[in-house]
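Q: next come a sequence and a model predicted from it.
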Amino acid sequence: MLEEKVALVTGGSRGIGRATSLALAKAGAHVAIVYAGNQDAAEDTATAVRDLGRQALIIQADVSKAADVDRAVKETVSTWGRVDILVNNAGIARDNLLLRIKEEDWDQVVDTNLKGVFLFTKAVTRPMMKQRFGRIINMSSVVGLKGNAGQANYTAAKAGVIGLTKSVARELASRNITVNAIAPGFIETDMTEAISDEMQKSMLEQIPLARLGKPEDVAQTVVFLASDHASYITGQTINVDGGMVT
Amino acid sequence: MADTLSRVQRIIVDRLGVDAAEVTLEASITEDLGGDSLDSMDLILELEDEFSIEISDADAEKIKTVGDIVSYINSHS
């Protein structure tokens, strides 16, 4: 489905990013895995991509630093000659009640989760415009749509991703570049594992499908949006949330 | 100069769907040739490839007419 396409996945070594890297590789793409700090996890994911018969590259980068981002995109393009699919997945959480959110907690979350999406999107636009082809898929969140007590910084950034997605989709549509967002609900990852059992129980009650999602549920949506099946879809936010938001 | 102009003309005709005769040195990309801001950016990318140069964002912003493009290329390649 994605034979010989080149994908770049930020936060690609763990959680939803890892599942996405593997799903893209299964569909035929080569994958550049951008990771922040956990080199072992990145190498492990790269090995899994290679076991699927595709090429993999790992690139350490701080997604909130333009120089790092430009270097990551250049390395990808110089390795494979193009970049077809960008998955802006890197994200962090620094949850607290509004009154307890420190300025640095706000800045770190917005820098990684929103500015990082801007920088990577900008960096791939030049090669994608030249190719007259591109698929940009941004990870938002169901809480970016609904809001969530204790996550003002995270939800602001994730809602921002949706606005960015819609604007860039309009700008780049004439160049055959689609830009969409995915809003995952509660997905079983390290990030949601940190949530207390009591909180997890109340979360389950909000989910009509009555289970947490798996990283693969999100990854398959990424593959769909990256594929030719989704060539007429742009500027959208697709919920993968078990029916939480309707 | 003539060679640069004809190569630039060919790219603009191809990208903007205008007649070669309209692509004079004085013609403004956006005002006379009907290009929007994204077309202008696209032209810059195409010119970079055609002439093997890199045009910075700051320089790209100053380019308004076909003549601006030709003189930029002649002084940078």
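A: Yep, it's here. The structure displayed is predicted, hence computed values, not measured ones.
Q: where does chain B get nearest to chain A, residue-wise?
A: In chain B, no residue comes nearer to chain A than B:Leu45, which is 5.5 Å away by Cβ to the nearest Cβ. Yep, even glycine has a C-beta here, placed from its N, CA and C like the rest.
Q: who's in contact with that residue?
A: Contact analysis of B:Leu45 by Cβ atoms under 8 Å, 6 or more residues apart in numbering or on different chains lists A:126, A:129-130.
Q: same check, this time on A:Ile33
A: Counted by Cβ under 8 Å, 6+ apart, A:Ile33 has contacts A:9, A:12-13, A:17, A:21, A:42, A:45-46, A:49, A:56-59.
Q: check the secondary structure at it for me.
A: strand (DSSP: H, G, I helix; E, B strand; the rest coil).
Q: identify the bridge partners of it.
A: For A:Ile33, the beta-bridge partners are A:Val9, A:Ile58 (DSSP bridges).
Q: need the contacts of A:Ile33 in JSON lines (columns: pLDDT).
A: Formatted as JSON lines, those follow (pLDDT from 0 to 100):
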{"residue": "A:Val9", "pLDDT": "98"}
{"residue": "A:Gly12", "pLDDT": "94"}
{"residue": "A:Ser13", "pLDDT": "94"}
{"residue": "A:Gly17", "pLDDT": "97"}
{"residue": "A:Ser21", "pLDDT": "98"}
{"residue": "A:Ala42", "pLDDT": "97"}
{"residue": "A:Thr45", "pLDDT": "97"}
{"residue": "A:Ala46", "pLDDT": "98"}
{"residue": "A:Val49", "pLDDT": "98"}
{"residue": "A:Ala56", "pLDDT": "98"}
{"residue": "A:Leu57", "pLDDT": "97"}
{"residue": "A:Ile58", "pLDDT": "98"}
{"residue": "A:Ile59", "pLDDT": "98"}
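Q: what is the nearest of the residues you listed to chain B?
A: Taking Cβ to the nearest Cβ as the measure, chain B lies nearest A:Ile59 of these, at 22.5 Å.
Q: my guess is the closest one contacts A:Ala32. True?
A: Yes: contact criterion Cβ atoms under 8 Å: A:Ile59 and A:Ala32 qualify, at 6.0 Å.
Q: sorry, back to before: near chain B, from the contacts of B:Leu45?
A: Checking these against chain B by Cβ under 8 Å from any Cβ of the partner chain, the ones in range are A:126, A:129-130.
Q: give me the common contacts of A:Ile59 and A:Ala32.
A: A:72, A:75-76.
Q: how many other residues sit next to residue 74?
A: Answering for chain A, as no chain was given. Using other Cβ atoms under 10 Å in any protein chain shown, A:Lys74 has 14 other residues around it.
Q: other chain: chain B
A: Using other Cβ under 10 Å, B:Asn74 has 13 other residues around it.
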